[in-house]
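Undergrad: model the structure of this input:
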Amino acid sequence: MSVRRSLTWTYLAQALSFLLTFGSTVVVARLVSPRDFGIFAMAAAVTTIINVFMQFGLAKYLMRETELSRELLRTLFTVNVIMSMVYVAMILVGALAAGRLFG
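TA: Prediction:
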């Protein structure tokens, strides 16, 4: 695949992601009260920040690796599962803390 084609696919994926996020935000804004939408916006912001830290670079490492052994793939899978569990735990703890804080 050429670089131009890869960039095109990447830009299309980013544009589609933006449109879906924007569209879902508009729908949520129409369905909930302003207070609930504020809570939704705070949760979305915190989740995005946590997600930035969770981008550990496993995919980039996988793409740069010249030889992919079965052990390496298993290790990367395990690390990815553990990181996902930590991500979910952070969101749940944050949700419980925010629930107590804001009532």
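Undergrad: okay, now the unreliable bits of this structure?
TA: Regions of the chain meeting the criterion pLDDT under 70 cover residues 1.
Undergrad: what comes up buried for the lengthiest helix in it?
TA: In the chain, with assignment by DSSP state H, the single longest helix is helix 70-102. Using 16 or more other C-beta atoms under 10 Å as the test for burial, helix 70-102 gives residue 76. Quick note: C-beta positions are derived from backbone N, CA and C, even for glycine.
Undergrad: elements contacting that helix?
TA: Applying 3 or more C-beta pairs under 8 Å, 6 or more residues apart in numbering; DSSP states H and E, one finds that helix 70-102 contacts helix 34-54, helix 58-64.
Undergrad: highest average neighbour count across those?
TA: With neighbours taken as mean count of other C-beta atoms under 10 Å, these reach their highest mean count in helix 34-54, at a mean of 12.
Undergrad: quick revisit: relative to residue 93, which of the helices and strands packed on helix 70-102 is closest?
TA: helix 34-54 (10.6 Å; C-beta to C-beta).
Undergrad: remind me what the closest one packs against, helices and strands.
TA: Using 3+ C-beta pairs under 8 Å, 6+ apart: helix 34-54 touches helix 3-31, helix 70-102.
Undergrad: on that earlier part again, using TSV, lay out the helices and strands packed on helix 70-102 together with distance to residue 24.
TA: What follows is the helices and strands packed on helix 70-102, written out as TSV (distance: least, C-beta to C-beta, whole Å):
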stretch	distance to residue 24
helix 34-54	10
helix 58-64	25
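Undergrad: with respect to residue 13, which of those lies nearest?
TA: Nearest to residue 13, of the helices and strands packed on helix 70-102 and by C-beta to C-beta, is helix 58-64 at 13.5 Å.
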